[in-house]
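>>> Sequence and computational prediction follow.
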Amino acid sequence: MSARRLDAATLIEWAHTAVGDLITHTDEINRLNVFPVADADTGTNMLFTMRAAWAQADALADCDDVAQVAAALARGALHGARGNSGVILSQILRAVADVTAGAATHGPVAAVDGPLLAASLRQAVALVVRSMGETVPGTIVTVLQAAASAAEKAVTDDAGLADVLARATEAAVRSLDETPHQLDVLAEAGVVDAGGRGLLVLLDAMTATLTGTAPRRDEYVPTHTHGETRAPAAVTPAYEVMYLLGGCDPADVETLRGELDRLGDSVAIAAAQDGAGHYSVHVHADDAGAAIEAALSVGTPSRIQVTSLTGGARPAAGWSRGRVVLAVVDGAGAEELFAGEGAHVLRLEDDGPISAKLLLHALVNADAGQAMVLPNGYVAAEELVAGCTAAIGWGIDVVPVPAASMVQGLAALAVHDTERQAVDDGYTMARAAAGARHGSVRVATEEALTWAGMCKPGDGLGISGDEVLIVGDDLVAAGAGLIDLLLAAGGELVTVLTGSGVDDGVADALAEHVHRRHLGAELVTYHTGHRGDALLIGVE
């Protein structure tokens, strides 16, 4: 099997792909989650942990040192770890960092090869077992062990990277299918292990990144026939407690573990790669205060998170930003323009329209608890609703602003104010967008009869409300006529966005027209490079 190298850039790309794939599979993984607590959050926790890892590594986009990128992934995951599964994921990523750093002591490491991947999986087993204190058959640790053993066997057979990964993934699939036979609570609920399913998503994402394709897998669903997935018989502790611990001597870690074991269960203590006494701590306990106080005698806790395990709601997302604007745009110039105005940008690519999944992915990557979405006419209504609804499910307060064109989006962005309440900000932005009358100009490609008369190829067509209202000899004539029409109802600011292939002279000619014919109006132009219509025109 041929594959790309797993170098620094590809490792970052894998992390990005893994975030997207976890978004797709989070609900599936959550439905499988019955161990150690049936709180339906394993997929969510793995997603947010991986997102934190990717965000840390993405800051090194120009770095060609695979060990540095791996260290960034591990650091981001440890600091952003969510839940038991997040702590385990942080240790898997730390294993890659440890192995690549170790290899780098013997000389530069350009990429992770088959032997390094196998060594990373084996190191991951050791780190996860150390962090958990004990292992339970039928969990993600079992699946990880199977993958590591298969990878090591592949290396002894002189297999290349892609084949090592393929054999590890195949072994993980077989092991995952066996988990209900190893853990009674899984068998009773009719599910495979949720964490193991999440690990398989990560392995498949790496396959897709390296080879361009990933195996198609049937959805893993509960097989029992008793309705909802059943919880374990044991009483669920009231709280999940997580925090980062600094200044802790390694000799005190087991002391802390013993105290947390006394207070609750699902204890995980994961060490940072830096070896400087930094740890991520996780426990389920009824007395959240005592679980935090236990850390005070051995170090300094920070970034404390306490989540109810009995309320049934998803935990808070822990976003690093308050409110952002996400603008969907077309063209490199538009991306620069909206980003310069402070928006996060989702740019159209050549491979199709914006789907709900792409929109959700962008909202998650914006890393904010609230998001005002400017679709700008590039997102179908059903995809917009589906993407925003899914994002709300992850704890993002989403407000779609009805902007039907990038010129309306700019008008809305101009009045955005994070100091206002979200509902007030959204209403103000929506009102600004609605107040921007807009239209477009395109070049006729054939002879046709329009509401404004006959047109021939090469004519400029001024369009508003899906109807041709102006037919001109060229883009300037049609653009000038459309501006006149839009200004007939009043207005002070004319915005013209020029598309791909439009000469600068067009904007200059329209500016001269407005200066000559509309003395009270100001015209601003930007070359956005969008496709489709040659000109987008707005009047405020």
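Structure's in. What do you need? Keep in mind the model is a prediction, meaning the values are calculated, not measured.
>>> residues making contact with stretch 473-487?
Applying C-beta atoms under 8 Å, 6 or more residues apart in numbering, the contact partners of stretch 473-487 are 437-439, 441, 443, 458-464, 469-472, 494, 496, 502, 506, 509-510, 513-514, 517-518, 521, 523, 534-535, 537-539. Yep, even glycine has a C-beta here, placed from its N, CA and C like the rest.
>>> So what's the residue count around the closest residue to L32 other than its chain neighbours?
The shortest distance from L32 to any non-neighbouring residue, by C-beta to C-beta, 6 or more residues apart in numbering, is to A194 (4.0 Å). Residues lying near A194 (other C-beta atoms under 10 Å) number 29.
>>> all helices for the stretch 101-250 of the chain, in order.
114-132, 140-156, 161-178, 184-189, 194-211, 250-263 (DSSP state H, counting those that start in this stretch).
>>> what's the angle from the longest one to helix 161-178?
When axes from the mean of the first three to the mean of the last three C-alpha atoms, to 10 degrees is applied, the directions of helix 114-132 and helix 161-178 differ by 40 degrees.
>>> Quick check: T450 touching V468?
Yes - counting by C-beta atoms under 8 Å, V468 is a contact partner of T450 at 3.8 Å.
>>> Counting neighbours around each, name which of the two comes out higher.
Set T450 next to V468 and count neighbours by other C-beta under 10 Å: V468 wins out with 20 against 17.
>>> Tell me how far the more buried one lies from E349.
Using C-beta to C-beta, to the nearest Å, we find V468 at a distance of 29 Å from E349.
>>> ditto for A74
30 Å.
>>> Tell me which of these two has more neighbours.
Between A74 and E349, A74 has the larger neighbour count (other C-beta under 10 Å), namely 27 against 10.
>>> Quick check: the more buried one touching A97?
Yes - using C-beta under 8 Å, A74 is in contact with A97, at 4.1 Å.
>>> Neighbours of D508, how many?
12.
>>> An error on my part: the question was meant for E188.
Residues lying near E188 (other C-beta under 10 Å) number 17.
>>> could you check the distance from it over to A154?
35 Å.
>>> Could you list the low-pLDDT ranges of this protein?
1-2, 224-236, 310-320, 351, 393-394 (pLDDT under 70).
>>> can you list the domain ranges for it.
The chain breaks down by automatic domain parsing into domains covering 1-220, 237-310, 321-435, 437-539.
>>> Mind jotting down where the helices sit in the stretch 351-500 of the chain?
356-365, 381-393, 406-414, 422-435, 475-487.
>>> could those helices go into TSV alongside mean neighbour count?
Output for the helices of the stretch 351-500 of the chain, formatted as TSV (neighbours: other C-beta atoms under 10 Å):
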stretch	mean neighbour count
helix 356-365	21
helix 381-393	17
helix 406-414	26
helix 422-435	18
helix 475-487	22
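>>> Distance to R262 added to those helices, as JSON lines?
Formatted as JSON lines, the helices of the stretch 351-500 of the chain follow (distance: least, C-beta to C-beta, whole Å):
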{"stretch": "helix 356-365", "distance to R262": "37"}
{"stretch": "helix 381-393", "distance to R262": "36"}
{"stretch": "helix 406-414", "distance to R262": "54"}
{"stretch": "helix 422-435", "distance to R262": "43"}
{"stretch": "helix 475-487", "distance to R262": "72"}
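>>> of these, which approaches D64 most closely?
helix 356-365 (23.2 Å; C-beta to C-beta).
>>> How far away from the center of its chain is the closest one?
6 Å (C-alpha atoms, centre = their mean, to the nearest Å).
>>> Give the other helices and strands that that helix contacts.
The contact analysis (3 or more C-beta pairs under 8 Å, 6 or more residues apart in numbering; DSSP states H and E) places helix 356-365 against helix 8-32, helix 42-58, strand 321-329, strand 344-347, strand 368-374, helix 381-393.
>>> what angle sits between the second one and helix 194-211?
Going back to what we said before, that points to helix 42-58. Calculated by the same axes, to 10 degrees, helix 42-58 forms an angle of 40 degrees with helix 194-211.
>>> From the chain's centroid, how far away is helix 42-58?
8 Å.
>>> Can you give me the buried ones in stretch 504-521?
For stretch 504-521, a neighbour-count test (16 or more other C-beta atoms under 10 Å) marks V506, A507, A509, L510, A511, H513, V514, H518, A521 as buried.
>>> List just the nearest of those residues to G138.
A507 (65.9 Å).
>>> sorry, back to before: what sits in contact with each of A74 and A97?
Contacts common to A74 and A97, judged by C-beta under 8 Å, 6+ apart, are Q273.
>>> roughly how far apart are R262 and Y239?
For R262, the distance to Y239 - C-beta to C-beta - is 15 Å.
>>> more neighbours, these two?
Y239 (20 against 11).
>>> For the residue nearest to A391 when sequence neighbours are not counted, which residues are in contact?
Among residues not flanking A391 along the chain, L363 sits closest, at 4.3 Å (C-beta to C-beta, 6+ apart). Each residue near L363 by C-beta under 8 Å, 6+ apart is listed here: L326, A371, V373, G387, C388, A391, I396, V398.
>>> redo that, cut-off 6 Å
Applying C-beta atoms under 6 Å, 6 or more residues apart in numbering, we find L363 in contact with A371, A391, I396.
>>> what's the spacing between the last one and T445?
Between I396 and T445 the distance is 42 Å, computed by C-beta to C-beta.
>>> which of those two has more neighbours?
I396 (21 against 11).
>>> Could you identify which of the helices of the stretch 101-250 of the chain is most buried?
The highest mean neighbour count among these, using mean count of other C-beta atoms under 10 Å, belongs to helix 194-211: a mean of 24.
>>> who's in contact with that helix?
Against helix 194-211 from outside (C-beta under 6 Å, 6+ apart): 3-4, 13-14, 17-18, 21-22, 25, 29, 32-33, 42, 46, 85, 140, 143, 162, 165, 169, 172, 176, 179, 214, 220.
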